[in-house]
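Colleague: Okay, predicted coordinates and the sequence, questions at the end:
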Amino acid sequence: MSMLAPFGGGPSPGPVIPSFGGGSSCVVQNRQFCGAWFVDNFGSRFAPRLVEHIELTAIAVGVGMVIALAAALLAHRLGWFETPFSLLSAFLYTVPSLAFFELMVQVTGINRFTAEIALVSYTLLILFRNTLAGLRAVPPDALEAAQAMGLSRRQTLIRVELPLALPPIMAGLRIATVTTISLATVAAYIGAGGLGEPIFDGIQTGFKTEFIAAGVLAIALALAADGLLVAAQRLLTPWARRRRA
Amino acid sequence: MIGFVLGANSRDWSEVASREGTQVAAGRPATAAAPIAFVNVSKRYPGRAQAAVGDLSFEVPSGEICVLIGPSGCGKTTALKMVNRLIPMTDGDITIDGRSVNAIEVSRLRRRIGYVFQQIGLFPHLTVEDNIGTVPRLLGWSKARIRERALDLLQLVGLGSEDNLRRYPGEFSGGQQQRIGVARAMAADPPIMLMDEPFGAIDPITRDRLQDDFLRLHREMRKTIIFVTHDIDEAIKMGDRIAIMREGRLVQIDTPDRLLAAPADEFVADFVGADRGLKRLQVWTLSDLDLDPLPAGADALPSAEAAMCLRDALSLMLTAGAARVAVLGQEGTAMGSVSLEAIAAMLGPEPRAPAP
């Protein structure tokens, strides 16, 4: 947690510009963005953080989706379950992220697991709501047809309800993924790695190129993930695009 | 356990049906059908004094269309849905080929009963082929066989093309969707079809065509069909027999002609309408009458195809101010003629034998 220590340490005033990779004039003068330095350091400083960030997000959204799906299915069958789970997920969603991370550290320690607990918690509200809304929006006539054709409850769920609930579920996944990518940068605060690390580092040392590069990478990752999900949705819901003219 | 019991019973309808279904060669109409009997069937809902369906007993012979009709809330749809156990009955029994529906495992029962309803209920996320193939897939048919069957059925309902197999329901009009709905209901060659106001949400012209096409289909398939409607004209057109219900009870069950000629009471007479005499004329076509020879000057007569119903023929004569109509044969040449009196004579107080 060296990044949390007050920088400098010695008596010298002003920000300390560390010598990042040889010190071109751009770096020494700490200009807004040093492209050459970024390219030189991408493989060593950013690529591993980017991979960590993708892992953090994928695990959080994946686990969140599994929990939200299970909860939504339960709420779909047992109406009373909706309110308590909604309240819980809404409550978790309102907890300030830094406070949440700090609180969880006292329970599960400084590690990636702690970060994932917090990140998963933030995905639940949107994923639960959208999944439940999707399940409830399945046309009743399709359900009646399924029942009349002798599909069991499980067959109806897998072959009719879940596919038809996909569009709102995918919409929820997109929002959850983008917010998690953004939120996961804060997870570096408790040592979870990811693009938050160079951001914190850059802020601490005052080296602009480092945190700008990391921030832009996070934004690019969010856009790319969103694009991938849109593509996946188009692939998974071909019927939605084919309408009678 | 159930499989064993079914296998041991040689008269079991579902076994017979699936065996026959397997043997039906592609492209050939299927033949399976089974009689249905309601025996003192009642449905009561807790907290309600009056039964939704009370002591309902009637039979539908194999291969016939029985129409259930009556005002809203008369229990016709409830009666229909008790056959495939979408609604459980409180009392009595419904048998299919002599076997109680309650003795058959419910999903197995439903897979052997085609179900068509007003809202159609096609699965919007599945192609037409997969929609039609839903039950066959549950029954373990091969992909190739399902495709072949789906194409046959599409041809049967007038939508036959390879392209349509790959389309989604949203790409079709309401009338076309209901044709696909009918094809899907017949996919696994069920001996029985339940139809709950199947053409109720479709515009009148399309409905008329769907009715005609369905009757043609029925003449080939000869399924046993229970058909719910609130439209007396549709009932007369579609039904071999019409059952009129009121407040959960059966008031009269008869052939369309008998129902129109001799309504059992005021309620039935009211329900079939003051024009029941004219409606009776809908039951027959010109070809049901003995033709008179063509009179001299027949060219001036209005002419009609032999398949025209007597009501339309009467209307034609009245419109043209003629007392006689020339009846055209298949090549469009006049075969003979029918007089106003001959049509009026059909409306005696005695019901006629049902048209063949």
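Modeller: Thanks, I have it.

Colleague: Against chain A, how distant is residue B:38?
Modeller: In this view, residue B:38 and chain A are 19 Å apart by C-beta to the nearest C-beta, to the nearest Å. Glycine gets a C-beta too; all of them are placed from N, C-alpha and C.

Colleague: typo on my end, it should be residue B:95
Modeller: The span separating residue B:95 from chain A equals 19 Å under the rule C-beta to the nearest C-beta.

Colleague: and residue A:91, how many residues sit next to it?
Modeller: Neighbour count for residue A:91, taken as other C-beta atoms under 10 Å in any protein chain shown: 11.

Colleague: what's the pLDDT at it?
Modeller: pLDDT recorded at residue A:91 is 90.

Colleague: how close does the most far-flung residue of chain A relative to its centre sit to chain B?
Modeller: Farthest-out residue of chain A from its mean C-alpha position, per C-alpha atoms, centre = their mean: residue A:148, at 41.2 Å. Distance of residue A:148 to chain B, given as C-beta to the nearest C-beta: 4 Å.

Colleague: what about the residue lying closest to that residue once chain neighbours are set aside, helix or strand, and which?
Modeller: The spatial neighbour of residue A:148 that comes closest, neighbours along the chain excluded (C-beta to C-beta, 6 or more residues apart in numbering or on different chains), is residue B:115 at 3.8 Å. In the assignment (DSSP states H and E), residue B:115 maps to strand B:113-117.

Colleague: so which strand or helix has residue B:193?
Modeller: Short version: residue B:193 belongs to strand B:192-196, going by DSSP H and E.

Colleague: So what angle separates the directions of that strand and strand B:113-117?
Modeller: If you take axes from the mean of the first three to the mean of the last three C-alpha atoms, to 10 degrees, strand B:192-196 sits at 10 degrees to strand B:113-117.

Colleague: which other helices and strands contact the helix or strand that strand B:192-196 is followed by?
Modeller: Tracing the chain past strand B:192-196, the next element assigned as helix or strand by DSSP H and E is helix B:204-221. With contacts defined as 3 or more C-beta pairs under 8 Å, 6 or more residues apart in numbering or on different chains; DSSP states H and E, the secondary structure elements packing on helix B:204-221 are helix B:174-185, helix B:232-238.

Colleague: mind listing what the most centrally placed residue in chain A touches?
Modeller: Here the mean C-alpha position of chain A is nearest to the C-alpha of residue A:180 (C-alpha atoms, centre = their mean), at a distance of 2.0 Å. Neighbouring residues of residue A:180 by C-beta atoms under 8 Å, 6 or more residues apart in numbering or on different chains: A:56-57, A:60-61, A:64, A:119, A:122-123.

Colleague: In strands, which of those appear?
Modeller: Of the contacts of residue A:180, none are assigned to strands by DSSP state E.

Colleague: circling back: show me the residues around the residue farthest from the centre of chain A that make contact.
Modeller: Contacts here follow C-beta under 8 Å, 6+ apart; on that basis residue A:148 touches B:84, B:86, B:110, B:113, B:115, B:117, B:121, B:194.

Colleague: Quick one, which of these are buried?
Modeller: Buried positions within those, assessed by neighbour count (16 or more other C-beta atoms under 10 Å in any protein chain shown), are B:84, B:86, B:110, B:113, B:115, B:117, B:121, B:194.

Colleague: before we move on, the earlier item: quick one: the strand holding residue B:193 to chain centroid distance?
Modeller: Strand B:192-196 has its C-alpha centroid displaced from the chain centroid by 8 Å (C-alpha atoms, centre = their mean, to the nearest Å).

Colleague: Measure how that strand sits relative to helix B:174-185, angle-wise.
Modeller: Note on geometry: by the same axes, to 10 degrees, strand B:192-196 and helix B:174-185 are set 150 degrees apart in direction.

Colleague: any idea which element residue B:80 lies in?
Modeller: helix B:76-83.

Colleague: near chain B, which residues of chain A show up?
Modeller: A:139-152, A:155, A:159-160, A:163-164, A:166, A:237-239, A:242-244 (C-beta under 8 Å from any C-beta of the partner chain).

Colleague: wait, which of the contacts of residue A:180 is closest to chain B?
Modeller: For the contacts of residue A:180, the closest approach to chain B (C-beta to the nearest C-beta) belongs to residue A:61, at 23.5 Å.

Colleague: Farthest-apart pair in the contacts of residue A:148, please.
Modeller: B:113 and B:121 (14.6 Å; C-beta to C-beta).

Colleague: which bits of chain B sit near chain A?
Modeller: Contacts of chain B with chain A, taken as C-beta under 8 Å from any C-beta, map to B:84, B:86, B:106-111, B:113, B:115, B:117, B:119-126, B:134-135, B:138, B:167-173, B:194.

Colleague: Could you list the low-pLDDT ranges of the stretch 201-350 of chain B?
Modeller: Applying pLDDT under 70 to the predicted model, the residue ranges of the stretch 201-350 of chain B that meet it are B:349-350.

Colleague: List phi and psi for the residue in it positioned nearest to chain A.
Modeller: Going by C-beta to the nearest C-beta, chain A is nearest to residue B:201 of the stretch 201-350 of chain B, at 10.7 Å. Listed backbone geometry of residue B:201 is phi -100, psi 20, with angles given as degrees, to the nearest 10.

Colleague: same deal with residue B:133?
Modeller: Backbone geometry at residue B:133, expressed as degrees, to the nearest 10, gives phi -80, psi 0.

Colleague: Model confidence for it, exactly?
Modeller: At residue B:133, the predicted lDDT confidence score is 95.

Colleague: surely it meets residue B:148?
Modeller: No - Residue B:133 sits out of contact with residue B:148 when judged by C-beta atoms under 8 Å, with a separation of 10.5 Å.

Colleague: who has more neighbours, the two?
Modeller: With other C-beta under 10 Å as the criterion, residue B:133 and residue B:148 differ in neighbour count, and residue B:133 comes out ahead with 24 against 14.

Colleague: contacting residues for the more buried one?
Modeller: Applying C-beta under 8 Å, 6+ apart, one finds that residue B:133 lies in contact with B:141, B:146-147, B:149-150, B:187.

Colleague: so which pair among the residues you listed is furthest apart in space?
Modeller: Pairwise distances across the contacts of residue B:133 (C-beta to C-beta) peak at 11.7 Å, for the pair B:147 and B:187.

Colleague: And those two? Which one has more around it.
Modeller: residue B:187 (25 against 17).

Colleague: Ramachandran coordinates for the more buried one?
Modeller: Backbone dihedrals for residue B:187, given as degrees, to the nearest 10, come out at phi -50, psi -50.

Colleague: quick one: it and residue B:139 touch, right?
Modeller: No - shown here, residue B:187 and residue B:139 do not form a contact pair, counting by C-beta under 8 Å, at 9.3 Å.

Colleague: any residues in contact with both of the two?
Modeller: What both residue B:187 and residue B:139 touch, as defined by C-beta under 8 Å, 6+ apart, is an empty set.

Colleague: Show the subsequent helix or strand relative to the helix or strand hosting residue A:113.
Modeller: Following DSSP H and E, one finds residue A:113 within helix A:112-136. Reading on from helix A:112-136 to the C-terminus, the next helix or strand found by DSSP H and E is helix A:140-148.

Colleague: doesn't residue A:221 make contact with residue A:54?
Modeller: Yes - the pair residue A:54 and residue A:221 passes the contact test of C-beta under 8 Å, sitting 7.0 Å apart.

Colleague: Between the two, which is the more surrounded one?
Modeller: Shown here are residue A:54 and residue A:221; by other C-beta under 10 Å, residue A:221 has more neighbours (21 against 17).

Colleague: If we ignore the residues flanking it in sequence, what's nearest the more buried one?
Modeller: Beyond its immediate neighbours in the sequence, the residue positioned closest to residue A:221 (C-beta to C-beta, 6+ apart) is residue A:181, lying 5.5 Å away.
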